[in-house]
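# sequence plus predicted model, see below.
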Amino acid sequence: MYNLAMKQYKHTDVEAKWRVKWDQNKTYQVDLDKAKKPFYNLMMFPYPSAEGLHVGNMYAFTGADVYGRFQRQQGYDVFEPIGLDGFGIHSENYAIKLGKHPAKLAKVSQKRFYEQLARIGNGFAWNNKLETYDPEYYKWTQWLFIQMYKKGLAYRGKAMVNWCPSCKTVLADEQVESGVCERCKNEVERKEMEQWFFKITNYADKLLENIEKIDWPNKIKSAQRQWIGRSEGLEIAWEVAKTAEKIWTFTTRPDTIYGATFIVIAPDHPILNKLNISKEAKEYKLQALKKTEQKRKATEKDKTGADTGFEAIHPITGNRIPIWIADFVLMDYGTGAIMSVPAHDERDAAFAAKFNLPTIDKLADKDEVFKLLEDKDAGVKKTNYHLRDWLISRQRYWGPPIPMVYCEKCARLPGGQGWQPVPEDQLPVLLPAVSDWEPKGDGKGPLEKAPDAWLYTKCPNCGGKAKRETDVSDTFLDSSWYFLRYPSVKKNIENPLLDVPWDEGLTKKWLPVNAYIGGAEHAVLHLLYARFVTIALHDWGMLDFEEPFPFLFSHGLIIKDGAKMSKSRGNVIVPDDYIDKYGADTLRMYLMFVGPYSQGGDFRDTSMAGMNRFLLRCWSLFTDSQKVKAKTTNKLLRKLNQTIKQMGEDIASFKYNTAIARYMELVNVWRETDQVLSKEDAISAIKIIAPLAPYVSEEIYQSLTNDEEFASVHLELWPKFDENQVKEDIITIPVQVNGKLRQTLEVSCEQSKIQSEIEKLARELPNVKKYLLSEPKKTIFVPGRLLNFVI
Ligand SMILES: [Zn+2]
Ligand SMILES: [Zn+2]
């Protein structure tokens, strides 16, 4: 019997019951081999680097899940996996803070995170979960490193690198935001060190070119374009007067060369070691080199610099212009020197104004300038990038050991290679248990203190004694390929002999990812690295697509007290208490209602009770025998059909807040005393709220259908609507002549707003024709309201 007497809705019991039942029936565990219409719905997996998920994380996961559930209702076989990005600096810093060994902490976090993730009511494919610290997983992260090495994309080199004194490790450029560490927010120093790099720069053009082919938010696309920072221009040689030296400048505006009135070089430009520069410039250089990049940027508005006392000879006019040093010019971009054109560059103008340097406003033809310079061997066309190679090694403990060994004997052979990759059949190189695992900051990783049995191994080349690399790889390498692993996880567990990073057939079927949903904070970090790795794998013939995420949706943030939720601000809200008090459905609905999913919104728990009352009201209506009867009343039938249509459009475009608002309108009409739904229509009405409130909708659906065999509402299709019922309402427009009503016009709501159409129809009305004796001098039109001909 569906028309149960009104009974109390106990969310705790209901939610626990369906969690078990969905699990038993594998409701969300799609058959990956046999699925006919695959849809890979992916959300960015969390760092388990806190006590648990906070409401901000739940916001991200709920919104992604609503989308996945809706796609399932469109007839797709939806695969929605989850896992933990638990290796790396985030989890390790948390372990340092708590003073617990990261391996032990990982077990605690894993249990806690998975319990929370299960409670929020997402349709996860639990059989395919993965953790990046699982040797079964990082074996392949190490394999990926070795492939990079074998293809010449991984190399060891000395370079100026970012060093975080607080995290006691080097960082990639992408992990430094305005001079501070992305993780701990401490100021980053520059050091010259030998490290492992991936040649992501080889793919700069490809990464740039493919941006045009992917459906991503513009702000993320432009962040990637900017980070890659391709600029085409000219390198121009300037002779330094009275010396045999030359300075090469890079410019994207060779047409402004006649306006160049001085040269500015970086304080660490090597030419400064060859010139006896002014005392003032020497002092400036010393001061500038002490400053961190952050301090340099902080003083950017207030220009500083010093005249070196030397002059450069203009390669076209032969005029002499002074050479300055200033810290706004960076050695690692372009040539570390620029020609300054105050007439056509704001920064140069500010510098010129401060130091009384001249301005010349003269433009030339770009190609002509190039030809003139080329003839004098003073100009070379050049493309510059902001993108640098990906620094991949970390002097930390909690990560996959870099699978390389060093053999001194082989290094001494003529043309010999000291560094050798670990043979693939010896993978994984297990992370050894080390009690003293905290970073020391001496440039060496904690694995230096690993037992000799781990540290020393056989050289794969000569069989002699070789030492393992003791750095681990960057956490962003772990997440650069996890989406490739998910579909194959279960198959690999069931067939240990498979021994492949991903199954070929499953990968062909499920990838690339259909929808990737996550926050914008990874605009250039994770998203750039994952694209690079995928393009490289495609190049090596290991994947048949280049872009891993052809469609990306970036959600907004949940704000509390005007700020992003973070521990340091002390405004973190844990979902558990709300789920206990109101149920996961209420919290889900509340979160999806705070604002457009793309924008985020403000978390105020005062409105939570209201959302809970709304869901209880729905429960009462659906289970009230006076509200579910044989035939749906006309007004409600129209409203239901319109709601099915509009909510479908809203959810498909991530406008969950307006979808909920429309559902509230539907419920309000239903609550009117004479309005009832038929059982069949009530079932349609529960299906459309199911993606947002999965538990209560399942409970109501079961009470309405009362099937012998369990058939979940979440495996039902989105209901069809009746076109005739959703048509816009008819609007009556009064038509006047000289302000007097002569006749009315019945048109659709849409039509009523278009003057040309209304005018045309009005002129045909008999009683209007009769009074419209001459062509009107003026026509007054109020869209949707009125038309008045003035004659
Ligand atoms: Zn740091
Ligand atoms: Zn050797």
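In hand now; what should we look at? Ligands and ions are numbered 1, 2, ... in the order given.
# what is the burial count for residue 371?
Per other C-beta atoms under 10 Å, the neighbour tally for residue 371 reads 11. Every residue, glycine included, has its C-beta placed from N, CA and C.
# got a list of contacts for the helix or strand hosting it?
Under the criterion of DSSP states H and E, residue 371 resides in helix 366-375. By C-beta atoms under 8 Å, 6 or more residues apart in numbering, the list of residues contacting helix 366-375 from outside reads 234, 236, 254, 255, 257, 315, 316, 379, 381.
# so how do I select the buried members of those residues in PyMOL?
Selection of the buried residues among the contacts of helix 366-375 in PyMOL, burial being defined by 16 or more other C-beta atoms under 10 Å:
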select buried, resi 234+236+254+255+257+315+316+379
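# in strands only, show me the contacts of helix 366-375.
Counting by DSSP state E, the part of those found in strands is 234, 236, 379, 381.
# ok, which pair from those is furthest apart?
Distance extremes for the ones in strands among the contacts of helix 366-375: the farthest pair is 236 and 381 at 10.8 Å, using C-beta to C-beta.
# how is residue 461 assigned, secondary-structure-wise?
Under DSSP: H, G, I helix; E, B strand; the rest coil, the three-state class of residue 461 is coil.
# got a list of what the spatially closest residue to it that is not a sequence neighbour touches?
Nearest residue to residue 461, sequence neighbours excluded (C-beta to C-beta, 6 or more residues apart in numbering): residue 410, at 5.1 Å. Residue 410 makes contact with 416, 417, 418, 420, 459, 461, 462, 464, 466, according to C-beta under 8 Å, 6+ apart.
# cool, and residue 350?
Residue 350 touches residue 303, counting by C-beta under 8 Å, 6+ apart.
# that one: what secondary structure?
Applying three-state DSSP: residue 350 is helix.
# then stretch 627-642 to PDB, C-alphas only?
The C-alpha trace of stretch 627-642 is given here as PDB (Å, rounded to 0.1, in the frame of the first residue of the first chain):
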ATOM      1  CA  LYS A 627      -2.900  14.200  -1.900                       C
ATOM      2  CA  VAL A 628      -2.200  11.200  -4.100                       C
ATOM      3  CA  LYS A 629      -5.400  10.100  -5.900                       C
ATOM      4  CA  ALA A 630      -6.700   8.700  -9.100                       C
ATOM      5  CA  LYS A 631      -6.300  11.700 -11.400                       C
ATOM      6  CA  THR A 632      -4.000  14.700 -11.300                       C
ATOM      7  CA  THR A 633      -5.700  18.100 -11.200                       C
ATOM      8  CA  ASN A 634      -5.200  20.300 -14.300                       C
ATOM      9  CA  LYS A 635      -3.300  23.100 -12.700                       C
ATOM     10  CA  LEU A 636      -0.900  20.700 -11.000                       C
ATOM     11  CA  LEU A 637      -0.500  18.600 -14.200                       C
ATOM     12  CA  ARG A 638       0.600  21.700 -16.000                       C
ATOM     13  CA  LYS A 639       3.000  22.700 -13.200                       C
ATOM     14  CA  LEU A 640       4.500  19.200 -13.000                       C
ATOM     15  CA  ASN A 641       5.200  19.100 -16.800                       C
ATOM     16  CA  GLN A 642       6.800  22.500 -16.700                       C
END
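# average pLDDT for that stretch?
Across stretch 627-642, pLDDT averages out at 94.
# name the residues of it that are buried.
For stretch 627-642, by 16+ other C-beta under 10 Å, it's 627, 628, 632, 633, 636, 637, 638, 639, 640, 641, 642.
# which ones among the residues you listed are found in strands?
residue 628.
# out of the contacts of residue 410, which is nearest to residue 76?
residue 420 (46.6 Å).
# wasn't that closest one part of a strand?
Yes: when three-state DSSP is applied, residue 420 is found to be in a strand.
# specify the next element, helix or strand, located C-terminal of the lowest-mean-pLDDT helix or strand in the chain.
Ranking every helix and strand in the chain by mean pLDDT, DSSP states H and E puts helix 293-298 at the bottom, with a mean of 59. Following helix 293-298 in sequence order, the next helix or strand is strand 306-313 (DSSP H and E).
# how far is that following strand from where the chain is centred?
46 Å (C-alpha atoms, centre = their mean, to the nearest Å).
# neighbouring strands - and their directions - for that strand?
Here strand 306-313 has these sheet partners by DSSP bridges: strand 231-240 (antiparallel), strand 320-325 (antiparallel).
# any idea of the mean pLDDT for the helix or strand containing residue 507?
Using DSSP H and E, residue 507 sits in helix 504-510. Mean pLDDT, helix 504-510: 97.
# repeat that for stretch 137-151.
98.
# buried residues, it. List them.
Using 16+ other C-beta under 10 Å as the test for burial, stretch 137-151 gives 137-149.
# ok, back up a step: among the strands paired with strand 306-313, which comes closest to ligand 2?
Among the strands paired with strand 306-313, strand 231-240 comes nearest to ligand 2, with 42.5 Å by C-beta to the ion.
# what's the mean pLDDT across the closest one?
Mean predicted confidence for strand 231-240 is 95.
# what does stretch 48-68 give?
93.
# centre of the chain to it, how far?
Chain-centre distance of stretch 48-68: 14 Å, with C-alpha atoms, centre = their mean.
# and stretch 316-330, by the same measure?
The chain centroid and the centroid of stretch 316-330 are separated by 41 Å, computed with C-alpha atoms, centre = their mean.
# swap in stretch 93-108?
Its chain's C-alpha centre and that of stretch 93-108 lie 27 Å apart, by C-alpha atoms, centre = their mean.
# list of residues touching it?
With contact meaning C-beta under 8 Å, 6+ apart, stretch 93-108 is reached by 48-50, 86, 91-92, 131, 133, 167, 183-184, 397-398, 431, 433, 435, 437-438.
# picking up where we left off before, now do the buried residues in the one helix or strand the residue nearest to residue 461 maps to.
Using DSSP H and E, residue 410 maps to helix 408-412. Neighbour counts over helix 408-412 (16+ other C-beta under 10 Å) mark residue 410 as buried.
# since that was my last question, I'll sign off now.
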